[in-house]
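*Asks:* sequence-free structure coming up:
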Ligand SMILES: [Zn+2]
């Protein structure tokens, strides 16, 4: 995997960064660090907000990004900005990208998107108004819970939660043609974390 950009210089003092070990809470850890001012490149995932937008006919808004091939539709997503809550951010994104006035109904879940070093935070949204797409989106369609297909990735699992809440069994497709259409059994079907063998319940304090 090659990242499009690489952090090479300290953003505080412009010294070249080096991989260096330092003692952290979890023990010694190698990271890119500044040898001059001790600035550390944590490389934390970026929060991305995703919206499962439902209209008053019970349909979900699916849109195609200008960079995606024909026939590829996904959820409305965008980066969380400094100074806003995730709920306010997802409503702002919905308005900027579709012109719809949005209201958050509930939190659907959060999923890692490792390839992009992002965390996808997804909400179920009720929206009103006429769709006016931003230039980054080229087309949209409203789809019923019975017709929409999900994909085994961040927003796809959020959509599958919504489909399930409507009483349907989600159908999964590949994220892109040729990709595995099968959902990760560790993530689907959803189950309470206390029943998930990947996690151990911490003893009571
Ligand atoms: Zn520095």
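*Replies:* Arrived safely, thanks for sending. In this text, all values refer to a predicted model and were calculated from it rather than measured experimentally. Numbers count the residues shown, from 1 in each chain.
*Asks:* residues contacting residue 17?
*Replies:* Residue 17 sits next to 7, 8, 9, 10, 32, 33, 34, 41 when contact means CB atoms under 8 Å, 6 or more residues apart in numbering. (C-beta placed from N, C-alpha, C; glycine too.)
*Asks:* surely the second one is in contact with residue 16?
*Replies:* Looking back up the chat, that one is residue 8. Yes. Between residue 8 and residue 16 there is a contact at 6.5 Å, judged by CB atoms under 8 Å.
*Asks:* show me which strand runs longest in the chain.
*Replies:* Of all segments of type strand in the chain, defined using DSSP state E, the longest is strand 101-113.
*Asks:* filter the contacts of residue 17 by proximity to the ion?
*Replies:* Of the residues in the contacts of residue 17, proximity to the ion by CB under 5 Å from the ion holds for 10, 34.
*Asks:* and the residue sitting nearest the centre point of the chain, what is it in contact with?
*Replies:* Among the residues of the chain, the one closest to the centroid is residue 120, at 2.0 Å (CA atoms, centre = their mean). Residues in contact with residue 120 (CB under 8 Å, 6+ apart) are 48, 50, 77, 110, 111, 112, 113, 154, 155, 158.
*Asks:* buried subset of these, written for ChimeraX?
*Replies:* Buried members of the contacts of residue 120, defined by 16 or more other CB atoms under 10 Å, are picked up in ChimeraX with:
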select :48,50,77,110,111,154,155,158
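*Asks:* among the contacts of residue 120, which two are most distant?
*Replies:* Within these, two members stand farthest from each other by CB to CB: 77 and 112, at 14.5 Å.
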